[in-house]
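what's the 3D shape of this:
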Amino acid sequence: MPAAPPPLRSASLWHRPGRGLLAAVCFTVALLALPASADDANPVAPLATLPLEYVQGLPLLQARINGRDIGYLLFDTGGSFALDAQTSDALALPRGKPIRLLGMGTATAQSQRIRATTLQLGDLTLQDVDGVNTDLSFLRQAFHDVPVVGIIGAELYLHQPLAIDHDHDELRVYPPGSNPFAGKPNPVPLLSSGHDGQKLVVPARIGNSDSKIVLDSGYDAALAIVGEHAGSLQRTGPLRRLVGSGIGGTNLYQIALAEPISLFGQRLPPQVAEFYLSPQSAAPILNEIDAYVGPPLLRRFNLYIDKPRALLHAELRPPGCEHPQYGNSGLIAWKTAQGFAISTVLPHSPAANAGLRRGMLITRVDSLPADAIGQCELDSKLDGATGTRVRLRLQTPAPDAVELQLEPLFASP
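Numbering: from 1, shown residues only. Okay, the predicted model is just below:
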């Protein structure tokens, strides 16, 4: 266990972190209320303000458990408190009976309940936090140079209001029972889910269809369509099978939608999405919702969540405010038997990670402006092997498209 987490560096993902790991949420909050920030006109002072640190566009929180630095937890609104087995063992956390965790298309029995006496996130201290000890090895593989050892999610909004401020990359936790967002316009109802009351489910429209969408800050794509809900959507090309299976054995495809999305009353441009065809063992919630929305779209809004009142407020941020690691155009690249497959992405859409897909790990990505014609180099690792340098060529053959090509240059020693 590191004595303290090192400075964050850019990292890349090849597996979906935080895929809906669920645990009973039970804790108390103990801390001194902090004064409201000068730019916050709301009279309700937050209990704590937590800085978010981003690795490849995904939010992380530094954490201490039982007085010990453990590294980082992924802030995942699609899940709740979980630790990997190595960290749980090092902390000697008490364990309960084995339980089954339902995730994205899978169930696992290799999990046990755990309890942290204290969980500190910046100025916030949660006491007697129930969670799960489970296999989170994919976190260590995904954030291979950053100590991300677990997940935190519903604990921060289930019993008290929470602001996700993307302008300042911070969370603001408000006192239980307070109503800090009472004056904000255009409330959006948080919909109920019969199988998972912890998730943030909101109404939306994909094309001409009313949809239920899960807001998932731990998901590294803009949009994922689940079940058979993508079958009736207009798209710009055929389904493109991504190499390897999805989470829990789901079949993972990529589609470029031709239809716009309406989220929080805002009409957003068509997106490149992922599409899950789930097996019969899939988590029941996949039969209740139509899509997941991740940080590339969520970061276009500041979000004010009042789960106890089943309300959410969203403020649209100015254009071009997406996290710089996503740029104004997306690159979807994955390794195939013939080499690399590259997708075409509409400009000005944060629809995809800047160069990430299964089978490819990138540790640094330069700026990818949508209107550029030229070359930029990036360092990468392929399938976990030690460095292979590749060159990224950007071409704009038409004003409404960006063609992205990837070619290996040489292998690093």
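
worst-scoring helix or strand of this protein, pLDDT-wise?
strand 360-364 (a mean of 28; mean pLDDT, DSSP states H and E).

isn't there a helix covering Leu297?
Yes - under DSSP: H, G, I helix; E, B strand; the rest coil, Leu297 falls within a helix.

That one: how many residues sit nearby?
Applying other C-beta atoms under 10 Å, we find 21 residues neighbouring Leu297. C-beta here means a position set from N, CA and C on the backbone, and glycine is covered the same way.

Kindly report the same for Gly67.
The burial count for Gly67: 9, using other C-beta under 10 Å.

does it really touch Thr125, like I thought?
No - checked against C-beta atoms under 8 Å, the pair Gly67 and Thr125 is beyond contact range at 10.6 Å.

Next, show the common contact partners of these two.
Common contacts of Gly67 and Thr125, defined by C-beta atoms under 8 Å, 6 or more residues apart in numbering, comprise Thr118.

how close does Leu121 sit to Leu52?
From Leu121 over to Leu52 the distance is 11 Å, taken as C-beta to C-beta, to the nearest Å.

Neighbour count for those two, which is higher?
Of the pair Leu121 and Leu52, Leu121 is the one with more neighbours under other C-beta under 10 Å, namely 21 against 17.

residues in contact with that one?
Per C-beta under 8 Å, 6+ apart, neighbours of Leu121: Ala48, Leu50, Leu61, Gln62, Ala63, Leu73, Ile152, Leu156.

who touches both of Leu121 and Leu52?
Joint contacts of Leu121 and Leu52 (C-beta under 8 Å, 6+ apart) are Leu61.

Where does pLDDT dip in this protein?
1-42, 56-57, 99-110, 141-142, 144, 193-197, 227-258, 270-287, 319-413 (pLDDT under 70).

next helix or strand past the longest strand seen in it?
Scanning the chain for the strand with the most residues, using DSSP state E, yields strand 107-121. Per DSSP states H and E, the first helix or strand lying C-terminal to strand 107-121 is strand 124-134.

and that next one, what does it pack onto?
On a contact count with 3 or more C-beta pairs under 8 Å, 6 or more residues apart in numbering; DSSP states H and E, strand 124-134 meets strand 28-29, strand 82-84, helix 85-91, strand 95-102, strand 107-121.

Domains in this protein, by residue range?
28-173, 188-316, 333-411 (automatic domain parsing).

quick one on the thing from earlier: just send the helices and strands packed on strand 124-134 back as CSV, with distance to Lys184 too.
Formatted as CSV, the helices and strands packed on strand 124-134 follow (distance: least, C-beta to C-beta, whole Å):
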stretch, distance to Lys184
strand 28-29, 23
strand 82-84, 31
helix 85-91, 38
strand 95-102, 33
strand 107-121, 24
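
count of neighbours near the nearest residue to Arg317 once chain neighbours are set aside?
Excluding the flanking residues, the one nearest Arg317 by C-beta to C-beta, 6 or more residues apart in numbering is Arg300, at 5.7 Å. For Arg300, the count of nearby residues is 23 (other C-beta under 10 Å).

How much space separates Arg300 from Leu268?
Applying C-beta to C-beta, one obtains 8 Å for the distance of Arg300 from Leu268.

before we move on, back to that, tilt between the longest strand of the chain and strand 124-134?
160 degrees (axes from the mean of the first three to the mean of the last three C-alpha atoms, to 10 degrees).

Pull up the pairing partners for strand 107-121, direction included.
Using DSSP bridges, strand 107-121 pairs in its sheet with strand 58-65 (antiparallel), strand 95-102 (antiparallel), strand 124-134 (antiparallel).

now the ones you listed in TSV, with distance to Ala204 and mean neighbour count?
Output for these, formatted as TSV (distance: least, C-beta to C-beta, whole Å; neighbours: other C-beta atoms under 10 Å):
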stretch	distance to Ala204	mean neighbour count
strand 58-65	21	22
strand 95-102	23	14
strand 124-134	30	21
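
Same list, those strands, but as JSON lines with distance to Leu223 please.
Output for the strands paired with strand 107-121, formatted as JSON lines (distance: least, C-beta to C-beta, whole Å):
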{"stretch": "strand 58-65", "distance to Leu223": "16"}
{"stretch": "strand 95-102", "distance to Leu223": "22"}
{"stretch": "strand 124-134", "distance to Leu223": "27"}
